[in-house]
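>>> what follows is a predicted structure for the sequence shown.
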Amino acid sequence: MNNIIGVEFVFPFMGNRNTVNSDERMLDIMEALKEHTSAGVTELADAVDMPKSTVHVHLSTLKDRGYVVQNNSQEYRLSLQLLDMGMMVQETQEMYDEVLPKLDELAEETDEKAWWTVEENGKAVFIAKSVGKHGIQTNARIGHHIELYQLAAGKAILANLPAVRRTEILDSYDYPLGGEKTRAELEAELEEIRDRGVAYGSEQFLQGVSGVGASITDNAGNSYGAISVSGPSNRLDSDRVENELANLVRGLVGELRVNLSYR
């Protein structure tokens, strides 16, 4: 806190000089609203450990800008304006128009749920899906972030990232991982995935759900995420996964690889 000619200046920076305190507080409030779906000022203040007056000021700003609304109980929730922003981000993803028809093709061929997953900030992010006739309903949703190693698609992405980027992500994990998997075991699995062209996942993210995924790359090695198909583990037995589904996924990413490399 500095004083110049009797005027007090308060610098709003937190410990990290590149972040602004007020911005951090507003984002904390928005993340709390995402977690609680809807909440009043008191509940939010308790959730983010801020004075109610501070929370109310931020909510007023967000409401004026259209990013939160109030329901009939006067509780706040995130607005559909954020959906508009999210859809814009989704639809401007490189390869969006090329990948979506492949997801529909995979879902129709297998009767299961097909996903397109990408890597961002070291996480797997579900970016698009297509649901077949027998596709199961789970709490996985578009926009969901999860550790790469927990998904078949995520492991396929991780296995095929440039070595430097892959090492950065592997360095960020706390070992052993779930199931007591060591780093050496994970790296050995990633090498096997690169060799066979597909990754398998069994109940690491959702109990009772298995899947198979393959990385989308071009001839220069650039990554565009991964395509996967998932379903109940009792329906996706090892024979079906390793033969029928693995071959389907390999074929689709092979088509995309050619399209990417020569478009």
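Arrived safely, thanks for sending. Residues are numbered from 1 along each chain as shown.

>>> chain neighbours aside, what residue packs nearest to M50?
Take M50 and drop its neighbours on the chain: the residue closest to it by C-beta to C-beta, 6 or more residues apart in numbering is R25, 6.3 Å away. Where you see a C-beta, it was placed from the backbone N, CA and C, and this is true even at glycine.

>>> how much space between L177 and Y224?
L177 sits 26 Å away from Y224 when distances are taken as C-beta to C-beta, to the nearest Å.

>>> same check, this time on L103
L103 sits 13 Å away from Y224, going by C-beta to C-beta.

>>> and I146, by the same measure?
I146 sits 18 Å away from Y224, going by C-beta to C-beta.

>>> do the same with R240
Per C-beta to C-beta, R240 is found 26 Å from Y224.

>>> between these two, which one's more packed in?
Legend: neighbour count by other C-beta atoms under 10 Å for R240 and Y224, higher for Y224 (22 against 15).

>>> just to be sure, the more buried one is in a strand?
Yes - judged by DSSP: H, G, I helix; E, B strand; the rest coil, Y224 forms part of a strand.

>>> thought it was touching T217?
Yes - shown here, Y224 and T217 form a contact pair, counting by C-beta atoms under 8 Å, at 6.9 Å.

>>> find residues that contact each of the two.
L260 (C-beta atoms under 8 Å, 6 or more residues apart in numbering).

>>> still on that earlier bit, before we move on, what SS does the residue nearest to M50 have?
Assigned state for R25: helix (three-state reduction, three-state DSSP).

>>> who's in contact with it?
In this structure, R25 makes contact with V48, M50, T54, H58, judged by C-beta under 8 Å, 6+ apart.

>>> which stretch of helix or strand covers the residue nearest the centre of the chain?
Centroid-nearest residue in the chain, with C-alpha atoms, centre = their mean: V125, separated by 1.9 Å. Counting by DSSP states H and E, the element that carries V125 is strand 123-131.

>>> list the helices and strands that strand packs on?
Counting contacts by 3 or more C-beta pairs under 8 Å, 6 or more residues apart in numbering; DSSP states H and E, strand 123-131 packs against helix 96-110, strand 113-120, strand 145-147, helix 152-160.

>>> after the last one comes which helix or strand?
Per DSSP H and E, helix 152-160 leads on to helix 163-171 as the next helix or strand towards the C-terminus.

>>> and that next one, average pLDDT?
The average pLDDT within helix 163-171 is 96.

>>> now what about that helix, what contacts it?
So helix 163-171 is contacted by G122, L148, L158, A159, L161, R183, L186, E187, L190 (C-beta under 8 Å, 6+ apart).

>>> what of stretch 236-256?
Here stretch 236-256 makes contact (C-beta under 8 Å, 6+ apart) with 95, 98-99, 102, 105-106, 109-110, 112, 196-198, 200, 210-217, 224, 226-230.

>>> list the buried residues of stretch 173-185.
Within stretch 173-185, the residues scored as buried using 16 or more other C-beta atoms under 10 Å are L177, K181.

>>> pLDDT weak spots in the stretch 51-200 of the chain?
Within the stretch 51-200 of the chain, the ranges that satisfy pLDDT under 70 run 94.

>>> where do the strands sit along the protein?
Per DSSP state E, the chain carries strands over the ranges 2-4, 7-9, 68-70, 76-78, 113-120, 123-131, 145-147, 199-202, 209-217, 223-232.
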